[in-house]
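>>> predicted model, plus sequence, below.
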Amino acid sequence: MKKIAKHVAFAGFVAAALASAQVSAQTAPPAAPAPAAPAAPEPTPEHTLVPKVSLYSEYEYRGIGQTSEKPALQFNLDYSHSSGFYLGTFITNIKWLKDYKSLGAAQESAAVEVDLFGGYKFEVVKDVTLDLGYLRYQYPSSKPLPGNAEFHTDELYIGASYGPLSAKYSYSTGDTFGVLNAKGSTFIELNFSKEIAPKLTLMAHVGQQKYKGKIGSFDNDKELTYTVYKVGASYDLGDGWTVGGYFKDTDAIEANYTVKGKDWSKGRLVAFVSKAF
């Protein structure tokens, strides 16, 4: 009887073990832990303030030299709001007014240009942004000869951008950069900017400065109007540093932009380095 009992107990143990193994085999292994959810993108800051300092081999604006082929140290301060509203200032040394004064074309010159601007950017349709704004060019302490136009200039502008392309139309509301009777002068431009390799951006620009009005027999439109071309590249060094350069040229009438033997409108290379904080 004891042997039978032992056999029965052993058989029960084997059966229990087999049943346990079968249950274990039918039970699914624990699921692998779910991958961590990607981190949420940083929210767009409501207020952004970006100062930037730049050094250029020459300051030229709309293809016309402003520092008589001398270097320019420049400062930008740009504020933007998440709504699309923005304000800013731009300060640079200049030399063209000093050259003007030496020729007797101005009573007082200015060594610095201070620009103030503000506007509003907004998306009108997907990926198309409009930019409406105002720009004031100031030349502190400058003073024209009696009967001549002020050098200070005010412009209204409208721009649009889509991908690497942007266009802008600027309209002068009064005398323009010291040109008398030049209210209604315009600048129309088309720009291209695209990263063609990591941190390397190609840029191109074409624009036309058109002056209105007449001074005696001198027709501002025919004599002073010109087209400007630029092509270049910039490289992002990281930590806010950027270096670059471009070639600019115009089809301006040389005699009308030559002062003290230097043609401010001629083609030349311009190099720069900047640091944004």
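That came through fine.
>>> tell me who's in contact with the residue positioned nearest the centre of the chain.
Central residue of the chain (C-alpha atoms, centre = their mean): Ser193, 9.5 Å from the mean position. Neighbour list for Ser193: Pro164, Ser166, Thr201, Leu202, Met203, Ala204 [criterion: C-beta atoms under 8 Å, 6 or more residues apart in numbering]. Glycine gets a C-beta too; all of them are placed from N, C-alpha and C.
>>> element containing it, please.
strand 186-197 (DSSP states H and E).
>>> following that strand, which helix or strand comes up?
Past strand 186-197, the next helix or strand by DSSP H and E is strand 200-210.
>>> now the element after that next one, going C-ward?
Counting by DSSP H and E, the element after strand 200-210 in chain order, helix or strand, is strand 214-215.
>>> pull the residues that contact that next one.
Residues contacting strand 214-215 (C-beta under 8 Å, 6+ apart): Val179, Leu180, Asn181, Asn220.
>>> ok so, going back, export the contacts of Ser193 to CSV and tack on pLDDT?
Output for the contacts of Ser193, formatted as CSV (pLDDT from 0 to 100):
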residue, pLDDT
Pro164, 98
Ser166, 98
Thr201, 98
Leu202, 98
Met203, 98
Ala204, 98
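>>> about what we covered before: which one (most neighbours) among the contacts of strand 214-215?
Val179 (21 neighbours; other C-beta atoms under 10 Å).
>>> that one and Val270, how far apart?
As judged by C-beta to C-beta, to the nearest Å, Val179 and Val270 stand 24 Å apart.
>>> now Ser80: how far from Gly133?
Computed as C-beta to C-beta, the Ser80 to Gly133 distance reads 12 Å.
>>> okay, and the common contacts of those two?
Joint contacts of Ser80 and Gly133 (C-beta under 8 Å, 6+ apart) are Tyr86.
>>> so for the strand holding Ser193, mean pLDDT?
In this model, strand 186-197 has an average pLDDT of 98.
>>> likewise stretch 168-183?
95.
>>> possible to save the contacts of Ser193 as CSV with neighbour count and distance to Tyr137?
Output for the contacts of Ser193, formatted as CSV (neighbours: other C-beta atoms under 10 Å; distance: C-beta to C-beta, whole Å):
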residue, neighbour count, distance to Tyr137
Pro164, 15, 28
Ser166, 17, 21
Thr201, 17, 27
Leu202, 15, 29
Met203, 16, 23
Ala204, 16, 25
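>>> list just the nearest of those to Ser274.
Thr201 (12.9 Å; C-beta to C-beta).
>>> shouldn't the closest one be in contact with Ala233?
Yes. Taking contacts as C-beta atoms under 8 Å, Thr201 lies within contact range of Ala233: 6.4 Å.
>>> what sits in contact with each of those two?
Gly244.
>>> contacts for the helix or strand encompassing Tyr120 next, please.
Under the criterion of DSSP H and E, Tyr120 resides in strand 112-125. Contact with strand 112-125 is made by 66, 84-94, 129-140, 157, as judged by C-beta under 8 Å, 6+ apart.
>>> using PDB, write out every CA atom in it.
What follows is strand 112-125, C-alpha atoms only, in PDB (Å, rounded to 0.1, in the frame of the first residue of the first chain):
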ATOM      1  CA  VAL A 112      27.100 107.900 -38.000                       C
ATOM      2  CA  GLU A 113      23.900 106.600 -39.500                       C
ATOM      3  CA  VAL A 114      21.100 105.500 -37.100                       C
ATOM      4  CA  ASP A 115      18.100 103.600 -38.600                       C
ATOM      5  CA  LEU A 116      14.800 103.000 -36.700                       C
ATOM      6  CA  PHE A 117      12.200 100.600 -38.000                       C
ATOM      7  CA  GLY A 118       9.100  98.700 -37.000                       C
ATOM      8  CA  GLY A 119       6.500  96.500 -38.600                       C
ATOM      9  CA  TYR A 120       4.300  93.500 -38.500                       C
ATOM     10  CA  LYS A 121       4.700  90.100 -40.100                       C
ATOM     11  CA  PHE A 122       1.900  87.600 -40.600                       C
ATOM     12  CA  GLU A 123       1.100  84.500 -42.600                       C
ATOM     13  CA  VAL A 124      -1.600  85.100 -45.300                       C
ATOM     14  CA  VAL A 125      -1.700  81.600 -46.600                       C
END
